[in-house]
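Undergrad: predicted model and sequence below, questions to follow.
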Amino acid sequence: MISEEQFQNELDLIIANAVREDVGDGDHSSLACIPPSAQGKAKLLVKDEGVIAGVAFAKKVFNYIDPDLTMEVLLDDGAQVKYGDIVFYVEGSSQSILKAERLVLNAMQRMSAIATKTQDFVSLLDGTETKILDTRKTTPGIRALEKWAVKIGGGENHRFALYDMIMLKDNHIDFAGGITKAIQKTQEYLKENGKDLKIIVEARNLEEVDEILKSEGVYRILLDNFDYDETREAVKRIGDRCLTESSGGITEDTIRKYAECGVDYISSGALTHSVYNMDLSLKAV
């Protein structure tokens, strides 16, 4: 994953772009009927159940819109919530609260849904050594928020983007002329460019697992669309020579069985691409 500094920069970019998109040259609805001096207070109301996420992000949004806004946080990121819970109060300029409202709600509804789904997956792995990973199957422009939500839900982040880890998948391998050539070329590239990036290589069958193991320096082998028997055999062959990851259509119904095959990680795009937003409202009090 990227550094904390890079991550915070991504959040700043998300906020600036979202405000540009939503506010433009002004929130004319509020400007038209609410005096600039008006002060107000609002509460973040939960109308659903699950894991709340995005409270810390909401703080950043409110501060960006108006540093004089103040928050009283009642429930932190990662807390279990139910219908009727109040997550926080925000107080200050009424115009500022309304300007920030939609960005805060959009982000928190999405993040909370992802955190909730991630926690559900994590609970299915209880008692195993396997960890759940997200993927790059995220909403364009808000990847940092979605990966943050996965962490809040108890999962772990895969690579952030194309630049922070090497991942040689089937197309890379085929275009490069095979697994061994792809790995060799990658290692030469990293050395020539002075980059220290971990290498993950995808295997489509056990024969490819064996070929990957002939090369040194592979961090993790991705077992793509293996069945249970193939996964167990692959884990046995790989041993402690590198880490293992299962992927490919793994669902709530199958994730436990794959974990019991002994893989270190299971990656799932469903954590971020197949969720229903948690129902939240920001209500004046």
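TA: Sure thing, it's come through.

Undergrad: when you work out contacts or count neighbours from here on, use the C-alpha atoms and nothing else.
TA: OK.

Undergrad: following the lengthiest helix in the chain, which helix or strand comes up?
TA: Looking across the chain with DSSP state H, the single longest helix is helix 94-124. Next helix or strand after helix 94-124 toward the C-terminus (DSSP states H and E): strand 131-133.

Undergrad: which strands or helices does that next one pack on?
TA: Of the remaining helices and strands, those touching strand 131-133 by 3 or more C-alpha pairs under 8 Å, 6 or more residues apart in numbering; DSSP states H and E are helix 94-124, strand 265-267.

Undergrad: can you give me the distance of the residue nearest the centre of the chain to residue 75?
TA: The structure's the chain has its C-alpha centroid closest to residue 147; by C-alpha atoms, centre = their mean the separation is 1.7 Å. Note on residue 147: its distance to residue 75, by C-alpha to C-alpha, to the nearest Å, is 20 Å.

Undergrad: what do you get for residue 237?
TA: With distances taken as C-alpha to C-alpha, residue 237 is found 46 Å from residue 75.

Undergrad: kindly report the same for residue 201.
TA: Note on residue 201: its distance to residue 75, by C-alpha to C-alpha, is 41 Å.

Undergrad: more neighbours: which of these two?
TA: residue 201 (25 against 16; other C-alpha atoms under 10 Å).

Undergrad: which element is the more buried one on?
TA: Going by DSSP H and E, residue 201 is in strand 199-203.

Undergrad: tell me the first helix or strand C-terminal of that strand.
TA: helix 206-212.

Undergrad: so which bits of that next one are buried?
TA: The neighbour-count check on helix 206-212 (16 or more other C-alpha atoms under 10 Å) flags 206, 208, 209, 212 as buried.

Undergrad: dump the residue contacts of the third one.
TA: Looking back up the chat, that one is residue 209. If you count contacts by C-alpha atoms under 8 Å, 6 or more residues apart in numbering, residue 209 has them with 203, 221, 234, 238.

Undergrad: neighbours of the spatially closest residue to the last one that is not a sequence neighbour, how many?
TA: Taking C-alpha to C-alpha, 6 or more residues apart in numbering, and ignoring the residues beside it in sequence, residue 238 has residue 213 as its nearest neighbour in space, at 7.3 Å. Neighbouring residues of residue 213 were enumerated by other C-alpha under 10 Å; the total is 16.
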